[in-house]
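Engineer: Starting from these lines, generate the structure:
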Amino acid sequence: MDLRHRGTDEEPRGAGPAVTGRFLAIGECMVEMADAGGGLYRRGFAGDTFNTAWYARRLLPVGWQVDYGTCVGTDAVSDEMLAFMQSQGIGTGAIGRVPDRTVGLYMISLQNGERSFSYWRSQSAARLLAGDPGRLAAMVENRDILYFSGITLAILDAAGRNALCNAISGARAAGARVAFDTNLRPRLWESEAAMKDGLLMGAGVADIVLPSLDEEQSLSGDATPADTIARYAGQGARLIAVKDGAGPVTLWEGGKTTVLPVEPVRRVVDTTAAGDSFAAGLLAGIAAGMPAEQAARSAIALSAKVIHEPGALVRSILAEEEA
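Structural biologist: So this is what the prediction gives:
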């Protein structure tokens, strides 16, 4: 897969013919505090769907526009977040500003490459991203690819979830291809029942669903990827990629199932953004005209490189591909 940087502070090399399109990721970008050693922390900006937008910006063909849809506050850190997005070539025109709110913050702790998070997000403006019908309609209008996640839905109240999914359904009817990563965060949901209903609602407006087997086993008792596929295919998905950590990816498209092996990873440093980068790789490949299986294989390769490095946004592996 072409991993050239585009529309960022790093110039693309040898760009090919432009293919135009509009990609929108919807969710919550947060302040990230990552352990830098010696009791110090490094500040960045990240979040599941934002991570996907960041990788997608670097992967998508030259003519694609990548935007992020959310709400932020009107304070200094919100300004800095928007400036960062713009410096990375991610459009901020779909982002609302909410007075008396700010952006969420999380801190990463790592043990043997696996991460755990501590969150501060009660005053996050992103929780209101579906609160203005006019802004929401404008956000999703005229998009070629729309991407959102279980976390996007979990931070909203019930009315917000319905409003967002209705808006996405309308955009899908108008021609957008919709992708949904189930991405479970049980603590964000008011109940397990609400989480199950929310995931089915999200999948019900999506063409592409990206679940993780361990999460589906925990929530729904799935024994195999086939169980997960059956549930989301029943919601109308046309393409499903079931991830399984270090195990194979099970790809289902139009009734055909393909099991794609994952190469053993010699050294896991940080699994943050493994699934987010996979989503970006898959969607960018499809946008570039790859068959789904080829796009999934490229996505697997990218994800394997991401977990070799610390942090959610790994610039070094993309630079390697350009060299």
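Engineer: okay, CA-based contacts and neighbour counts for the rest of this
Structural biologist: Fine.
Engineer: Which residue ranges of the stretch 151-300 of the chain form strands?
Structural biologist: Taking DSSP state E, counting those that start in this stretch to define them, one finds strands in the stretch 151-300 of the chain at 177-181, 208-210, 239-242, 249-253, 256-260.
Engineer: now the ones you listed in JSON lines, with distance to residue 292 and mean pLDDT?
Structural biologist: Below are the strands of the stretch 151-300 of the chain laid out as JSON lines (distance: least, Cα to Cα, whole Å; pLDDT from 0 to 100):
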{"stretch": "strand 177-181", "distance to residue 292": "13", "mean pLDDT": "98"}
{"stretch": "strand 208-210", "distance to residue 292": "11", "mean pLDDT": "98"}
{"stretch": "strand 239-242", "distance to residue 292": "8", "mean pLDDT": "98"}
{"stretch": "strand 249-253", "distance to residue 292": "8", "mean pLDDT": "97"}
{"stretch": "strand 256-260", "distance to residue 292": "10", "mean pLDDT": "96"}
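Engineer: Would you map the helices across the chain?
Structural biologist: Under the criterion DSSP state H, helices of the chain are mapped to 48-59, 76-87, 133-140, 150-154, 158-173, 192-204, 213-220, 225-233, 274-287, 292-306, 315-322.
Engineer: For the fifth one, list the C-alpha coordinates in PDB.
Structural biologist: Going back to what we said before, that points to helix 158-173. These are the backbone C-alpha positions of helix 158-173, laid out as PDB (Å, rounded to 0.1, in the frame of the first residue of the first chain):
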ATOM      1  CA  ALA A 158     -29.400   8.000  23.900                       C
ATOM      2  CA  ALA A 159     -30.800  10.900  21.900                       C
ATOM      3  CA  GLY A 160     -27.400  11.700  20.500                       C
ATOM      4  CA  ARG A 161     -26.800   8.200  19.400                       C
ATOM      5  CA  ASN A 162     -30.100   8.100  17.500                       C
ATOM      6  CA  ALA A 163     -29.400  11.500  16.000                       C
ATOM      7  CA  LEU A 164     -26.000  10.500  14.800                       C
ATOM      8  CA  CYS A 165     -27.000   7.200  13.400                       C
ATOM      9  CA  ASN A 166     -30.000   8.700  11.600                       C
ATOM     10  CA  ALA A 167     -27.700  11.300  10.000                       C
ATOM     11  CA  ILE A 168     -25.200   8.700   9.000                       C
ATOM     12  CA  SER A 169     -28.000   6.600   7.600                       C
ATOM     13  CA  GLY A 170     -29.100   9.500   5.500                       C
ATOM     14  CA  ALA A 171     -25.500  10.100   4.200                       C
ATOM     15  CA  ARG A 172     -25.300   6.400   3.300                       C
ATOM     16  CA  ALA A 173     -28.500   6.600   1.400                       C
END
